[in-house]
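>>> below are the sequence and a predicted model; questions follow.
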Amino acid sequence: MWDLAQHLLANFKTSAISADAMTLWNMHAKAVEMDFERGLNQIPIGATAREEVTEEVRRLISGIICDRTLAAEDDIRSLAAPHEAAPARLLRLVFKGIPQNSDCAHVITTNYDTLVELFCDLARLPIDTGFEGHRYRFFRKDSPYRTHFRHESVPGKKALQLEYRKVPNVRVMKPHGSITWHSTTAGPVEILDYRKASSRAIVIPGPTKYEEALIGRLFDSVRTEMNAVLRDAEGVMCIGFGFNDDHLQGVITERLGNKMPMLILTRDFTPKIKALLIQFPHVVAIAKDGAGAQCHVGGQIHKTDHPVWELDCFLKAFLE
């Protein structure tokens with residue numbers, strides 16, 4: 001969050017916004033610098049030019065995320081074997097491990113970027129983002145995610161019979177939106193073009209975060225699907241999630257109270273993760289510890305010289 005705050009502070013100075021909006025921003029800039037999300041939350045809901053400031057925050061955040069996503073994708077594609085990158089290997093393992101009659105493997109990400117989608121492609125796994133189309137993809141009105149089928153000829157008593165067989169995919173759920181999601185007069189669409197200038201459909205930190213997540217049909221539908229998945233999950237693996245998003249982790253906390261298994265891989269334990277481990281000691285959590293890692297298992301701490309908090313090392317040590 002710190003780097004996003006610095007980006008906003010540097011670029012708001014030259015933003016083409018009204019004098020009222022600039023005055024409102026300047027009133028809260030220092031608070032944003034000290035604590036990004038808390039500072040944005042201090043902008044009063046009824047303040048003059050609040051909507052204009054919010055849209056400028058969305059535009060600036062979208063811009064830097066698009067630039068960083070393009071750079072990251074270039075770096076990934078330039079690898080000698082990008083299809084063997086750790087996230088692609090994990091996705092393949094998860095996909096192969098789903099029950100035989102399952103519709104899909106579920107992936108939930110609060111990131112705006114499209115790296116999960118890229119790694120699904122590199123792993124050659126079909127994905128469903130809740131949109132359908134090709135270059136200009138519309139959000140499904142009835143149910144965002146669907147079970148897919150294929151026709152298959154099977155031997156019958158007298159002749160071949162046509163049957164429908166499920167085609168599993170990876171359902172990518174993005175409760176905070178994506179840099180490829182756009183707000184249009186025709187409703188939310190997904191456009192696979194980072195240069196598109198229209199307003200991005202993302203939930204930004206600050207005063208509109210919960211409004212957009214609860215009121216917008218797009219975000220409400222994704223959140224509903226996500227919560228249903230978490231309520232039925234037999235276990236959850238969290239990678240790089242700090243548990244600082246109360247309106248997203250409520251169902252997870254509820255399920256942990258019922259002893260749902262969970263694994264956390266993260267660079268550092270946030271205060272929220274530390275509190276979670278005290279409340280639910282059955283959670284397995286691994287974080288960086290010097291050149292190695294510390295592992296919290298069953299309320300006890302174990303240390304290793306191997307950096308198993310990194311996904312690549314974790315996969316090689318435990319799953320491959």
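That came in fine, so what should we check first?
>>> just how off-centre is stretch 18-25 within its chain?
Its chain's average C-alpha position is 32 Å from that of stretch 18-25, according to CA atoms, centre = their mean, to the nearest Å.
>>> hang on, I meant stretch 267-281
A distance of 20 Å separates the centroid of the chain from that of stretch 267-281, by CA atoms, centre = their mean.
>>> and the strands in the stretch 201-320 of the chain?
Using DSSP state E, counting those that start in this stretch, the strands of the stretch 201-320 of the chain run over 236-239, 262-266, 284-289, 292-297, 300-304.
>>> likewise the stretch 1-150 of the chain?
Counting by DSSP E, counting those that start in this stretch, the strands of the stretch 1-150 of the chain are 104-108, 127-128, 131-132, 136-139, 149-155.
>>> rank those by pLDDT, which is bottom?
Note on the strands of the stretch 1-150 of the chain: strand 149-155 shows the lowest mean pLDDT, a mean of 78.
>>> residues contacting it, please?
160, 161, 162, 163, 164, 165, 166, 167 (CB atoms under 8 Å, 6 or more residues apart in numbering). C-beta: built from backbone N, CA, C; applies to glycine.
>>> export these as a markdown table, with columns for neighbour count.
Output for those, formatted as a markdown table (neighbours: other CB atoms under 10 Å):
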| residue | neighbour count |
| --- | --- |
| 160 | 10 |
| 161 | 11 |
| 162 | 9 |
| 163 | 12 |
| 164 | 9 |
| 165 | 10 |
| 166 | 14 |
| 167 | 12 |
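>>> how about the contacts made by the nearest residue to residue 65 once chain neighbours are set aside?
Excluding the flanking residues, the one nearest residue 65 by CB to CB, 6 or more residues apart in numbering is residue 112, at 4.9 Å. Contacts here follow CB under 8 Å, 6+ apart; on that basis residue 112 touches 61, 62, 65, 174, 176, 177, 178, 179, 200, 202.
>>> how far away is residue 112 from residue 33?
22 Å (CB to CB, to the nearest Å).
>>> returning to that earlier point: pull out the buried members of the contacts of residue 112.
61, 62, 65, 174, 176, 177, 178, 179, 200, 202 (16 or more other CB atoms under 10 Å).
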